[in-house]
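**Student:** Just the structure for this:
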Amino acid sequence: MAPMVTPKLRVFTHEGRIFMSLNASFLPATIPPIPRPWNPALESDSSPDNIKDALTTQWAYETCPWFPLIATSPDFSGAVFACLNHSLYSLPIESTPDGRYMLRGDVRREWESLEQKLLWCSQQLAVNMHFPWYGQAPRPPKDYGYLRSHANARLAKKVALRSRDAFLGISALCTYFIMARQYRPHNDSASWTSLLTNDPRCPILSAWVMELSRTFVGDLTDAVPRNGMIINGAYSLAWDTDVIMFEHYKVPIWVHWPPGVSGNRIWKLYCPSADDLARATSATSSELQNNDAWGIQSDSHSWLAQPNDICDPESSQPAPLSTQPQQDLSHFPLPHKNSGQRHGEDWQAFFARKTLQNAKKEEKETPSERQARLSCQRSAENHSLPGKSSRIWVFEWQPQDDYNDFMLRTHITKARVEEVWGDYNKFTRVFDSFSNQWDLCLALDPTSIPDGDDREDDDDIMPPLPIASPSEVPPPPPSSFANDIYTYFGSSVSLSSRHTHIEGFVPVLHYYFGYRSTAPTSAPTISFLPANEWIKMAKWDQLRKLLGDSSAEMGSITEPQRQCITKFIACFVNMKESDLNTIPPDLWDLGPLPSLQISHPYIRISRVQLSQCRYYIIEPRESPNLVFWTLAVLNPVTAVMCLRRDWGSDMRQISLALLQRGIGFRTLQNMSVAPHYRRPLSELCTYTLGHRRPPFNPLYADYIIYEQLRHEFMNRPRARAAFLHDGISTEAVPFGELLIGDGDQTYYDDGLSEEEIDFMCGTYYIDHRDGPEIVSWWPQPNAWNTSGLNVGFWSACCEDWFQGRLGNLREGVSRMRHSLTKDANGPMTSTQWKRSLKFQPATNKIMCNVSAASYDFMTRASTWTQT
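**Tutor:** Next comes the predicted model:
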């Protein structure tokens, strides 16, 4: 067994204080004052009561073990949190009959419903789970005032944004219990998703729970950055074992060592050595010599480090928009005098140009000038309001209604600075120490809450935190979960009663083809000309059939979503493989910079070459593999689909899920045999429909005999292999295939023989003089694989076709399908089958492109090494 690798201890110093971390590469942007320690007599601490304070990294508090799990940059898109996706400008406010203002009724009801659902989920997830004795639940969002009316519209918006952020508190509590359940699973306990979907009082729609698992609530990977916490090394915590759990899920942890404290034994891993302290002191000195050249917000805004997006800073020509470099400047307002903004230059291009200019200024400044500039920059770090005697200029980026909200840099007089300063915060203010100017720009972080005083009248101040534990949350109406899904995706997420076992159109789009559930409601622009021409002629029902959805299914998708989906499908139909990287990233989760992660919280997928064929091995990520066989898939589309799913880590459950969807997989078993060994086919008891003399025109009675023989075969243990392969139940691989790895390792795959495949397809051999003619009741695997029905899983179109042909066969009805195939619902040759199954030729193009992209993405997977 390989020895465990101890993470490297990082040492930081800040204002003479020492901080240690095993999983963070930098200190938090703001370190709050050291709180007073836990008071056991009063059973209280100084934890902040307002969610506004908890949105940044805090110290570890006995009462708030969920603080570290608050998402740093929550994504409020998707079916669950879409109702919270508002900024200060977009929040809808309505007036009340008594002249006050409050959040608009429909949004208010959506927030109230979401609050009840999250509180219910946290309550159910907490059942039989450990929670610190003194731990307190976060205040519910309604305590922050979004259900109340307010004196003016501006105050109503600020209170609504504060209430919206309170959803992060109850979300973090849900995350705490989800994390605890996964980190400390009980042998007899179900997964957290099953706990919610199978609750007897309120079984939650599985699609809603799946969406929740993909948000910042259920996604425990490092793709969701979290605030983390700072621990005072002089004291222990009642829930110190949770710190190990947080470390496991890469939640940032810092430990502060006060002067003269040798350290609590619990935090001994964080104890610095003398060399560590020396390196930290040296690194801090170096950092002070390399402050950013443009503003104190440079670490927070990546666009400041992208000078290639703008023109030469020394050019006297007007700068076009950074995102549209060839715009007609007559469409843009003239910049204000002395604003420094060029005609047609947006805020991003302005800041990037200033970055280049300041870099050149820094090269020429003298030591004394540099010292004076850095002094001004350090003074500005607290974002204090510039005084009336200050020489600092303040500019506000104001949207222009007549120019599609294009923003102009506008100078704010000293008399008005105090009026507007509170409308911004540390994320929307940027200080330029070279020109001694502040920029106030809400576009830097549209969802942030201003620093202005958001207190209400005395009668409206938030009530104090209740000492008694909150009462039990009543179960939400089950329909409310379905409404979230239907509102966001449209009602086509569920199929009609005819195909209840087949997934709907939108889940198919997401899981199999990578359509992002967070796609914008406004259709993005596609620059590929053939795709745009194809879009003009596309019909909605035809688009659904391309992906295997039956046009006979009930339900509808909202028109904005239809436009996005149409453009998404058009890309795969019209583009070459080399052009796929031009698909907008907000539509597709694959591409040059895919949003899909190769890492998964439950499974690990690796690749291996066996007998000149690439296999993708699916294994539990951390829990032990409870089966003696290895689950493998051949199709890269299937491998990527599994990464999008949340099927847990039980290989049996994953295999069952694949089986239910008609998706092919393999169960390999490691065997120590000679690489060229094959079990003789003579040992098999092979079924066959035999040879016939021409002319052979089978009757319905012949089909009945075939069904009886097939049923007899399917009751044999050997028939299990027929279920492990995609397509209709006839597909399989050669019997007893021995797969050989690069090191001559051998793995057994229990497939079917060619004779058994022929039998399953209902094959007859008609003996003509010039050779046998092979016909079959059902298509052979090679015909099915190239058909317009093969989308990699058993779709609604597959089911419609199968049931239609099966019904016609059993009724003895002869219906011409295509004149070229001479399909009289009898056995057909391979050529006739291929012609009969053409259906949607564009489906093959879509599948080729999706397969190529999935193959490229899976090259990121590690090479499989059997343990």
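
**Student:** Confidence-wise, which helix or strand of the protein is lowest on average?
**Tutor:** strand 737-740 (a mean of 55; mean pLDDT, DSSP states H and E).

**Student:** all strands for the stretch 351-500 of the chain, in order.
**Tutor:** 393-400, 406-412, 429-432, 437-440 (DSSP state E, counting those that start in this stretch).

**Student:** can you tell me the helix or strand for residue 772?
**Tutor:** strand 771-776 (DSSP states H and E).

**Student:** Mean confidence (pLDDT) on that strand, please.
**Tutor:** For strand 771-776, mean pLDDT rounds to 88.

**Student:** For the next helix or strand after that strand, name the packing helices and strands.
**Tutor:** Under the assignment DSSP H and E, the closest C-terminal helix or strand after strand 771-776 is helix 781-785. Packing partners of helix 781-785 (3 or more Cβ pairs under 8 Å, 6 or more residues apart in numbering; DSSP states H and E): helix 830-836. (Glycine included, C-beta is placed from N, CA and C.)

**Student:** which of the residues in the helix it packs on are buried?
**Tutor:** 832-836 (16 or more other Cβ atoms under 10 Å).

**Student:** could I get the very next helix or strand once past it in PDB with only the CA atoms?
**Tutor:** Note on helix 830-836: by DSSP H and E, the next helix or strand toward the C-terminus is helix 841-858. What follows is helix 841-858 as a C-alpha-only set of coordinates in PDB (Å, rounded to 0.1, in the frame of the first residue of the first chain):
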ATOM      1  CA  PRO A 841     -30.300  11.000 -42.300                       C
ATOM      2  CA  ALA A 842     -29.300  14.100 -40.300                       C
ATOM      3  CA  THR A 843     -29.300  11.900 -37.100                       C
ATOM      4  CA  ASN A 844     -26.200  10.100 -38.300                       C
ATOM      5  CA  LYS A 845     -24.400  13.500 -38.800                       C
ATOM      6  CA  ILE A 846     -25.400  14.600 -35.300                       C
ATOM      7  CA  MET A 847     -24.300  11.400 -33.700                       C
ATOM      8  CA  CYS A 848     -20.900  11.500 -35.600                       C
ATOM      9  CA  ASN A 849     -20.200  15.000 -34.300                       C
ATOM     10  CA  VAL A 850     -21.300  14.200 -30.800                       C
ATOM     11  CA  SER A 851     -19.300  11.000 -30.800                       C
ATOM     12  CA  ALA A 852     -16.200  12.900 -32.000                       C
ATOM     13  CA  ALA A 853     -16.500  15.600 -29.400                       C
ATOM     14  CA  SER A 854     -17.100  13.000 -26.700                       C
ATOM     15  CA  TYR A 855     -14.000  11.100 -27.800                       C
ATOM     16  CA  ASP A 856     -11.900  14.200 -27.700                       C
ATOM     17  CA  PHE A 857     -13.200  15.100 -24.200                       C
ATOM     18  CA  MET A 858     -12.500  11.700 -22.800                       C
END
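
**Student:** So for the protein, which residue is the most central one in space?
**Tutor:** Of all residues in the chain, the one closest to the mean position by Cα atoms, centre = their mean is residue 214, 5.2 Å from it.

**Student:** For it, give its distance to residue 354.
**Tutor:** Residue 214 is 38 Å from residue 354, where distance means Cβ to Cβ, to the nearest Å.

**Student:** same deal with residue 22?
**Tutor:** Taken as Cβ to Cβ, the span from residue 22 to residue 354 is 38 Å.

**Student:** Can you pick out the residue with more neighbours from those two?
**Tutor:** residue 354 (24 against 16; other Cβ atoms under 10 Å).

**Student:** so the more buried one sits right up against residue 432, yeah?
**Tutor:** Yes. With contact defined as Cβ atoms under 8 Å, residue 354 counts as touching residue 432 (6.5 Å).

**Student:** residue ranges with poor pLDDT in the stretch 601-750 of the chain?
**Tutor:** Applying pLDDT under 70 to the stretch 601-750 of the chain picks out residues 671-686, 717-750.

**Student:** show me where it has helices.
**Tutor:** 636-644, 651-660, 700-714 (DSSP state H, counting those that start in this stretch).

**Student:** next one: the shortest one to chain centre, how far?
**Tutor:** Here the centre of helix 636-644 is set off from its chain's centre by 14 Å, with Cα atoms, centre = their mean, to the nearest Å.

**Student:** How about the longest one?
**Tutor:** Between the mean C-alpha location of helix 700-714 and the chain-wide mean there is a distance of 47 Å, by Cα atoms, centre = their mean.

**Student:** Point out the most buried one among the strands of the stretch 351-500 of the chain.
**Tutor:** strand 429-432 (a mean of 24; mean count of other Cβ atoms under 10 Å).

**Student:** what about that one, average pLDDT?
**Tutor:** pLDDT averaged over strand 429-432 gives 92.

**Student:** Could you list which residues are in contact with the residue nearest to residue 8 when sequence neighbours are not counted?
**Tutor:** Distances taken as Cβ to Cβ, 6 or more residues apart in numbering place residue 22 nearest to residue 8, at 7.5 Å, with adjacent residues excluded. By Cβ atoms under 8 Å, 6 or more residues apart in numbering, the contact set of residue 22 is 7-10, 247, 253, 269-270.

**Student:** among those residues, which are in strands?
**Tutor:** Counted as lying in strands by DSSP state E, out of the contacts of residue 22, are 10, 253.

**Student:** Any of the contacts of residue 22 buried? List them.
**Tutor:** 10, 247, 253, 270.

**Student:** ok, now which residue in this structure is the farthest from the centroid?
**Tutor:** Going by Cα atoms, centre = their mean, the residue of the chain most distant from its centre is residue 769, 61.1 Å out.

**Student:** and stretch 793-806, which residues are buried?
**Tutor:** 793-801, 805.

**Student:** and the end-to-end length of stretch 54-67?
**Tutor:** Distance across stretch 54-67, first residue to last, is 7 Å (Cα to Cα, to the nearest Å).

**Student:** what's the offset of it from the middle of its chain?
**Tutor:** Using Cα atoms, centre = their mean, the offset of stretch 54-67 from its chain centre is 26 Å.

**Student:** what about it, average pLDDT?
**Tutor:** For stretch 54-67, the per-residue pLDDT averages 88.

**Student:** Just the buried residues of it, please?
**Tutor:** Buried residues in stretch 54-67 (16+ other Cβ under 10 Å): 54-55, 57-67.

**Student:** Residues in contact with stretch 211-220: which ones?
**Tutor:** Under Cβ under 8 Å, 6+ apart, the answer for stretch 211-220 is 71, 74-75, 78-81, 118, 121, 171, 174-175, 178-179, 182, 192-193, 224, 249, 484-485, 517, 601, 646.

**Student:** Just the buried residues of that stretch, please?
**Tutor:** Per 16+ other Cβ under 10 Å, stretch 211-220 contains these buried residues: 211-220.

**Student:** And those residues, which is closest to residue 786?
**Tutor:** Residue 786 lies nearest to residue 214 out of those, by Cβ to Cβ, at 33.9 Å.

**Student:** my read: residue 426 touches residue 383, true?
**Tutor:** Yes. Judged on Cβ under 8 Å, residue 426 makes contact with residue 383 at a distance of 5.2 Å.

**Student:** Can you pull the residues that touch both of those two?
**Tutor:** residue 451.

**Student:** Those two: who's more crowded?
**Tutor:** Neighbours were counted for residue 426 and for residue 383 using other Cβ under 10 Å; residue 426 has more, 18 against 14.

**Student:** Could you report the pLDDT at the more buried one?
**Tutor:** pLDDT, residue 426: 85.
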